[in-house]
Structures are given as structure tokens and as C-alpha cells.
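In: Build the 3D model from these lines:
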Amino acid sequence: MHILLAKTNGAEKIIATDINEYKLKKAKECGADFVINAKDDVVKKIFENTENRGVDLVIVCAGAFSVFEQALKCVDKAGSILCFATSEPGRELSVPINEFWKKSITLLSSYAAAPNDLREAMELLSFKKIDVNSLITHRLPLNEIGQGFKLMARASESLKVIITF
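Out: Coordinates of the predicted model:
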């Protein structure tokens, strides 16, 4: 969804990372310009593909703690990190304060949605500015809801599972 929104909002270059090859393939299909398997050296590959600058915006969509640490290393000067996901309770992120200060990094969190966010999302959907249908990988009848939960829990070859009535 973030890739689709970034494209809609005019992002020049979108880099996606994941440990799942299926999801990396889907990221390319949704408009990512470059994908990185997160099992590789993400920081090194980010800098190789941004002329050693880093990125303007990192959107953390995974709860793996290492992703938050990578985000701090990959963001460019005056860049932002949006924490769309969270890690397990009790984890603390150590922010290298001098680097944070020198680079003038903005850290943001996202929790639920404000009324304006919901209104904007409804407009994007109703005016078909983004195609969310491309994110739906499975449609299952209600009597297969257990299978739907298994697909999502495995997170291997599914993005969004819709249960129909």
C-alpha cells in the first residue's frame, strides 16, 4: 500500500526491502524501482543505489527490531523515518544522538488514523487513484476463514486475504 501511495504522490525512486521473495516480486509489480532482500546488507545496497546519500523517507512496516536500526542508518540528511509498525513491547531503540542531530532526522509514528487521514483514504479509493485490488491475493468464503488466517500467519505467498459472505 505504501508503494502505491508513494507512486501516487510522485515519489521519484522507491526502494522496497523484505525477506520474502514473493513480497519483493509484488513490490516490483506495485511500482518499486528497486528491491532488496533484507537478508542481504540492506544499508550497503541502499547507499549503492542512492549515490551514497541514503533515502529521504524510510517507512518501517515490519516489526523486526533490526529494521528500526537499519532505518536510522539509511536515512539521508533532513530525512524522515515513519514507524508504521512497532516492535515487541519493552524494546528500546538506541538513537545515536550526534548522528540524529547532525543529520536533522525526523522520527514519526503512525497509530490508527485521524479523521482527515480517513477522508483522504476514502477519496483515493473512491476516485480509484490507487488500485488496492492488486494487493488482494486471496478471496475465500466465510467457511474457509481458518485457511485465511493461516495464509496471513504464514505470510509467505499472500498480501491481503478477503473473506466473502
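In: what's stretch 21-36 in contact with?
Out: Identification of contacts with stretch 21-36 by CB atoms under 8 Å, 6 or more residues apart in numbering yields 3-4, 6-7, 13-18, 37, 42, 45-46, 49, 134-135, 156-157, 159. Yep, even glycine has a C-beta here, placed from its N, CA and C like the rest.
In: which helices and strands does the one helix or strand L5 maps to pack with?
Out: For L5, the host element (DSSP states H and E) is helix 2-8. Other elements packing on helix 2-8 under the criterion 3 or more CB pairs under 8 Å, 6 or more residues apart in numbering; DSSP states H and E are helix 21-30.
In: Pull up the pairing partners for the helix or strand following the helix it packs on, direction included.
Out: Secondary structure here is assigned by DSSP H and E; on that basis, the next helix or strand after helix 21-30 toward the C-terminus is strand 34-37. Using DSSP bridges, the strands paired with strand 34-37 in its sheet are strand 15-18 (parallel).
In: who's in contact with the residue sitting nearest the centre point of the chain?
Out: Nearest residue to the geometric centre of the chain (CA atoms, centre = their mean): C61, 4.0 Å. For C61, the residues meeting the contact criterion (CB under 8 Å, 6+ apart) are H2, F84, A85.
In: Could you rerun that using 6 Å?
Out: The neighbourhood of C61, defined by CB atoms under 6 Å, 6 or more residues apart in numbering, consists of F84, A85.
In: which among the contacts of stretch 21-36 end up buried?
Out: 3-4, 6, 14-18, 42, 45-46, 135, 159 (16 or more other CB atoms under 10 Å).
In: Out of these, flag the one nearest to E123.
Out: Taking CB to CB as the measure, E123 sits nearest to L4 out of those, at 14.2 Å.
In: nearest spatial neighbour of the closest one, skipping sequence neighbours?
Out: Nearest non-adjacent residue to L4, counting by CB to CB, 6 or more residues apart in numbering: I130, 4.5 Å away.
In: Now do the same for that neighbour: helix, strand or coil?
Out: Under the three-state scheme (DSSP: H, G, I helix; E, B strand; the rest coil), the conformation of I130 reads as coil.
In: Show the pLDDT at it.
Out: Confidence per residue is given as pLDDT, and for I130 that number is 89.
In: E157 too?
Out: You'll see E157 listed with a pLDDT of 89.
In: I162 belongs to a strand, doesn't it?
Out: Yes: with three-state DSSP as the criterion, I162 is located in a strand.
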